[in-house]
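> need a 3D model of the sequence below.
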Amino acid sequence: MILIITILIKIILYPLTNMSIRAQKSLTDLQPKMEALKKLHKDNQQMLAQETMKLYKENKVNPFGSCLPILIQLPIFIALYWVMSNGLASNQFEILYSFVKNPGHINTFTLGLFDLGQKSAILAILAGLAQYWQTKSMVRKQPPKAAGEGGKDESMMAMMNKQMLYMMPVMTVIISWQLPAGLALYWFLSTVLTGLQQMWLFKKKKDSISNVIEGEIVK
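Okay, the predicted model is just below:
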């Protein structure tokens, strides 16, 4: 059931997720230029803000574009938390709507392995691994040493990305470990589907670029 719910949510949010992935990737690609602006205007915060917004506008980047799907999914996440924490453990079926058939008993196990209403270290770790995979496919690669002085900003960004690469999965494991297994399963499945969508978008973009040679489109 959670798999079906996750797939339906991802289908509904597909356009917004696409926009979010593109915005996040664009922000990642712009980080070296943003670091350069911070150094150039380190003593003038007003000018820094103006130049940063100008950079966003020139590159058609919405800095808040990556947040919208998360905000939309928050009520869904809260509803799932309530169901997993209270609904599955309750036998008070009188609170159901009149058109909902009384199930008599709710089987909280999925795949015969996980009790959706209880904590699960295995699902928490799986959610963390999925987060690591999804984040790793987004972060920028560290530039070669041959890049010289021009690669310093890239190196700094690579260090920040590396910190995020490990911090996010660890935080995911810690948080998921405190939640019912159903939520950890939803987190895991949602992250995997987002990662697959992200890979498809990047491949599509790469293919479109590879079809352009010296300004001519190869058909």
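
> can you get me a residue count around I21?
Neighbours of I21 under the rule other Cβ atoms under 10 Å: 22. For every residue, glycine as well, the C-beta is placed using N, CA and C.

> do the same with L129
L129 has 16 neighbouring residues, counting by other Cβ under 10 Å.

> residue contacts, it?
Taking Cβ atoms under 8 Å, 6 or more residues apart in numbering, we find L129 in contact with P169.

> on the pLDDT front, check it for me.
According to the predicted model, the pLDDT of L129 comes to 95.

> buried ones in the helix or strand harbouring it?
Secondary structure from DSSP states H and E places L129 in helix 121-136. Within helix 121-136, the residues that count as buried by 16 or more other Cβ atoms under 10 Å are L123, A124, I125, L126, A127, G128, L129, A130, Q131, Y132, Q134, T135.

> reformat those residues as JSON lines; add distance to N44.
As requested, the buried residues of helix 121-136 are arranged in JSON lines below (distance: Cβ to Cβ, whole Å):
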{"residue": "L123", "distance to N44": "49"}
{"residue": "A124", "distance to N44": "45"}
{"residue": "I125", "distance to N44": "46"}
{"residue": "L126", "distance to N44": "47"}
{"residue": "A127", "distance to N44": "43"}
{"residue": "G128", "distance to N44": "41"}
{"residue": "L129", "distance to N44": "43"}
{"residue": "A130", "distance to N44": "42"}
{"residue": "Q131", "distance to N44": "37"}
{"residue": "Y132", "distance to N44": "38"}
{"residue": "Q134", "distance to N44": "37"}
{"residue": "T135", "distance to N44": "33"}
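
> closest to L48 out of those?
Nearest to L48 among the buried residues of helix 121-136, counting by Cβ to Cβ, is T135 at 27.3 Å.

> show me where this protein dips below the pLDDT cut-off.
Applying pLDDT under 70 to the chain picks out residues 66, 86-112, 139-162, 205-219.

> could you point out which element follows the strand or helix carrying T172?
Counting by DSSP H and E, the element that carries T172 is helix 152-178. Sequence order places helix 181-210 as the next helix or strand after helix 152-178, per DSSP H and E.

> for that next one, packing partners?
For helix 181-210, the elements it packs on are helix 2-12, helix 14-40, helix 68-82, strand 114-115, helix 121-136, helix 152-178, judged by 3 or more Cβ pairs under 8 Å, 6 or more residues apart in numbering; DSSP states H and E.

> before we move on, the earlier item: now the helix holding L129 and helix 181-210, what's the angle there?
Here helix 121-136 points in a direction 20 degrees away from that of helix 181-210 (axes from the mean of the first three to the mean of the last three Cα atoms, to 10 degrees).

> that older thread, let me know which of the helices and strands packed on helix 181-210 is tucked in deepest.
Sort those by mean neighbour count, taking mean count of other Cβ atoms under 10 Å, and helix 121-136 sits at the top with a mean of 20.
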